[in-house]
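[1] How does the following fold in three dimensions:
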Amino acid sequence: MTLPFRRRHHDDESAHDRARALTSREMIEPISESEESWLAGHLDVCAECRRDREAYLADRLLLRSLRDRSPEPPRDLWARTSAALDRESRSRSARGGGARSREGLGGGRGRAFPLGAAAGVLIMVVVIGASIVQPNLLPGQSPAGTKTAVLPSAGGQPTPFEIAAGHVGWVRPTSNGSWELVFSDVDAVCPRTLGGCQPLGEDVHGRPVNLGNAPTSMTISPNEDRLVVESLGAGDAPNRILVVPVPAETAVPTAEPNTTSPDTTAGPAASPASPEPTSDGTAGVVEIASGITVIGDTAYSENGQWLAFSARPSDSQSGPDLYLWHVGDPAAVPVTKDHRTYFSAWLGDQVLASRLEIVEKPGESAAAATATATAATTDASPAATAEADGPPEARPTSFLIDPATLARTELAQPDVWLPVVDRSAHFVTYWSGSLRGTADNLTWQLGTGRLVLDRWSSGTAPEASPAAGASADPAASAPPIGPEGAAVPIVEGQTAAFATKFDPTGTRLAVWVAEEADATVGRLHLLILDADTGTIDATLAPLPGVPALRQFSMAAGRLAWVSPPGQDGQESSVQVLGWSHDNFGEIRTIPAKELFIVR
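    Numbers count the residues shown, from 1 in each chain. Below you'll find the predicted structure:
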């Protein structure tokens, strides 16, 4: 095992020794900017030092995971202890006469307790005590009563258990300032309170991707061949929405053994994993929009042919509209012009979106309210549309829109904000209530209401019973499309921002909530749903609200997110909660900076 160490004044000052010293010292204390820059440049060209640094990080993660583990007694401990006690008892019986004679001559000396039995009892006391006294749980660990798999190995330590969760994808920076996309299979996890799994993606090589300047968000196409990136502008350059091709996975070349003497005059060799740059660095990149800022999520349709998002002008002169982009088109197109429409999610091949309608205030005439709402939907300045008597209130309505024809279907139930429906169309989550605006009429926050889970109605009429007769009108009995109205709260406490996602089965619901509207860090929950009763299973709490960045990924058998920097004194890491039936476990990557979850 490698351990961090401090560089002394008489350490060898060669480049490799200096890199190792800086790598270990940065785990204990901050290093200067010049040292950090030198180290990044050296690691970019020195594969050996990169491997050493990865080993340091893995060892640190392993050592820190040991504090999460509570001792597990061997399953046959009591059987071995009981057998030892029986053997000692039989041995004492065989020596009974002589022992009693010696006790009589001893004149009052106490009976000696068998050494083997004493050792066995001592072991039992230690193990039982460790089992009864629950260790202090770290933030995000499961409390007592949560069902997680604990599979003891021969040494009493937990072992990973297998799951079928496919792979997880994330984007991370490289040492030379570029970016790479990483995919790593998740086929085993470890119990959350005990840890023990090797870091996720430790031996996986990334694929180089060109993300432009300072990406703020990204998503990936269903077939994983394109990334959609929001790139912030620099100087006079505007914000841009880019579609970036993902290079195919290639085998990492193996260097041929060097049979000649080293050439000390040659410069450092380039890393074999470094991609060959293009002439302008933009080969295959398509700019589908510029001068706008994305509001909320960006998502592909299930067939990968359409992209939907909401965005407003980067100069904040108006609110957001719904944008659609078809693969192969030159640019994304705004399909609304009211400046108060927000993309929510895809439902099959249709878009779910929400629109805000300003509420008439007491004492305000209908004509004045209409004029205010009309002014707010134009490109008038914020000062011209601000309300003199405080921020406005709005009620949301939601609708489905066909991206090809732009035909709309309004949801029947009012006050439904940002609905998300599971793939089987059984459940829906949404904010049920109002929203309140800021003084500029451009930014809206959650008002009075609650985040709820409801049943979803697809608007299909039930099959007619033969007894109903041929004169029955099926359309008359068809329920309206949208939430059925039997809503139950999802999470308690203050909610100013939220995001929800279902797994493909519709029985697992991930919920991210934050207490501030513009927060990038919130708490992530995993809820277990009962498809028959439409309720949340309160007996299972596999993820009872852990700190997480807003963007997360939900798939069959697992939930993946990025932890905020600073947790337990570490940088961010990609964390995965996986499950097999009601057994839950976790695995994570080595901590690093600026991670983006994409799959």
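
[2] Ser490 and Ala164, how far apart?
    Slight slip there: residue 490 is Ile, not Ser. Distance, Ile490 to Ala164, using Cβ to Cβ, to the nearest Å: 27 Å. Quick note: C-beta positions are derived from backbone N, CA and C, even for glycine.

[3] Which one's more surrounded, these two?
    Ile490 (20 against 11; other Cβ atoms under 10 Å).

[4] Look up how far Val244 lies from the more buried one.
    In terms of Cβ to Cβ, Ile490 sits 35 Å off from Val244.

[5] How about Val229?
    6 Å.

[6] the more surrounded of those two?
    Val229 (25 against 22).

[7] so what does the helix or strand encompassing the more buried one touch, helix or strand wise?
    Using DSSP states H and E, Val229 falls within strand 226-231. In terms of contacts (3 or more Cβ pairs under 8 Å, 6 or more residues apart in numbering; DSSP states H and E), strand 226-231 is packed against strand 215-220, strand 240-245, strand 292-300.

[8] where are the low-confidence patches of the stretch 201-350 of the chain?
    250-283 (pLDDT under 70).

[9] for the record, mean pLDDT for stretch 173-183?
    Over the span of stretch 173-183, the pLDDT mean works out to 89.

[10] which residues are in contact with that stretch?
    Stretch 173-183 has contacts (Cβ atoms under 8 Å, 6 or more residues apart in numbering) with 40-41, 43-44, 50, 167-172, 201, 204, 206-211, 215, 224, 227, 246, 249, 274, 592-594, 598-599.

[11] For PyMOL, what selects the buried ones among these?
    Filtering those down to the buried ones (16 or more other Cβ atoms under 10 Å) takes a single PyMOL command:
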select buried, resi 43+44+50+167+168+169+170+171+172+201+206+207+208+209+210+211+215+227+246+592+598+599
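
[12] Out of the contacts of stretch 173-183, which sit inside strands?
    167-172, 207-209, 215, 227 (DSSP state E).

[13] What is the most widely separated pair among these?
    Pairwise distances across these (Cβ to Cβ) peak at 21.4 Å, for the pair His167 and Pro215.

[14] now the helices and strands packed on strand 226-231 as JSON lines including distance to Ser314?
    Formatted as JSON lines, these follow (distance: least, Cβ to Cβ, whole Å):
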{"stretch": "strand 215-220", "distance to Ser314": "12"}
{"stretch": "strand 240-245", "distance to Ser314": "10"}
{"stretch": "strand 292-300", "distance to Ser314": "5"}
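
[15] Which of those sits closest to Arg340?
    Nearest of these (Cβ to Cβ): strand 292-300, 10.9 Å.

[16] quick check: angle from that closest one to strand 226-231?
    Counting by axes from the mean of the first three to the mean of the last three Cα atoms, to 10 degrees, strand 292-300 lies at 160 degrees to strand 226-231.

[17] ok, then the element right after strand 292-300?
    Assigned by DSSP H and E, the successor of strand 292-300 is strand 306-313.

[18] Check which strands are paired with the helix or strand just after that following strand and give the direction for each one.
    Using DSSP H and E, the next helix or strand after strand 306-313 towards the C-terminus is strand 321-326. Sheet pairing of strand 321-326 (DSSP bridges) gives strand 306-313 (antiparallel), strand 333-334 (antiparallel).

[19] Tell me where the model's unsure across the stretch 1-150 of the chain.
    Scanning the stretch 1-150 of the chain for pLDDT under 70 picks out the ranges 1-13, 58, 61-150.

[20] still on that earlier bit, parallel or antiparallel, list what pairs with the strand holding Val229.
    Applying DSSP bridges, one finds strand 226-231 paired with strand 215-220 (antiparallel), strand 240-245 (antiparallel).

[21] tell me the angle of that strand relative to strand 167-173?
    Using the same axes, to 10 degrees: strand 226-231 against strand 167-173 is 40 degrees.

[22] Only alpha carbons, please: show stretch 18-30 as PDB.
    This file holds the C-alpha atoms of stretch 18-30, laid out as PDB (Å, rounded to 0.1, in the frame of the first residue of the first chain):
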ATOM      1  CA  ARG A  18       9.200  15.900  -7.200                       C
ATOM      2  CA  ALA A  19       5.900  14.800  -8.800                       C
ATOM      3  CA  ARG A  20       5.500  12.100  -6.200                       C
ATOM      4  CA  ALA A  21       6.200  14.500  -3.400                       C
ATOM      5  CA  LEU A  22       3.700  17.100  -4.600                       C
ATOM      6  CA  THR A  23       1.100  14.400  -5.300                       C
ATOM      7  CA  SER A  24       1.300  13.200  -1.700                       C
ATOM      8  CA  ARG A  25       1.600  16.600  -0.200                       C
ATOM      9  CA  GLU A  26      -1.500  17.900  -1.900                       C
ATOM     10  CA  MET A  27      -3.500  15.300  -0.100                       C
ATOM     11  CA  ILE A  28      -2.400  16.800   3.200                       C
ATOM     12  CA  GLU A  29      -2.200  20.500   2.500                       C
ATOM     13  CA  PRO A  30      -2.800  22.900  -0.400                       C
END
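
[23] Now it: buried residues?
    Buried residues in stretch 18-30 (16+ other Cβ under 10 Å): 18-27.

[24] With stretch 569-577 instead?
    Applying 16+ other Cβ under 10 Å to stretch 569-577 flags 570-577 as buried.

[25] Please list the outside residues in contact with it.
    Here stretch 569-577 has contacts from 165, 168, 170, 186, 189, 192, 200-201, 526, 542-543, 546, 548-549, 558-565, 584-595, 597, using Cβ under 8 Å, 6+ apart.

[26] Then stretch 216-223?
    169, 171, 211, 226-232, 246, 294, 297-300, 302-304, 551, 596, 598-599.

[27] Repeat that for stretch 592-599.
    Taking Cβ under 8 Å, 6+ apart as the rule, stretch 592-599 contacts 167-173, 181, 183, 215, 217-220, 224, 227, 549, 551-553, 555, 560-562, 565, 571-574, 589.

[28] Which neighbours do Val229 and Val244 have in common?
    Taking Cβ under 8 Å, 6+ apart as the criterion, Val229 and Val244 both touch Leu211.

[29] Quick check: the nearest residue to Gly506 once chain neighbours are set aside vs Leu322, distance?
    Using Cβ to Cβ, 6 or more residues apart in numbering and skipping the chain neighbours, the partner closest in space to Gly506 is Asp422 (3.8 Å). Distance, Asp422 to Leu322, by Cβ to Cβ: 22 Å.

[30] I'd like the ones in strands among the contacts of stretch 173-183 written out as CSV, with distance to Thr495 added.
    Shown next, in CSV, are the ones in strands among the contacts of stretch 173-183 (distance: Cβ to Cβ, whole Å):
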residue, distance to Thr495
His167, 32
Val168, 27
Gly169, 29
Trp170, 27
Val171, 29
Arg172, 31
Arg207, 37
Pro208, 39
Val209, 34
Pro215, 27
Leu227, 30
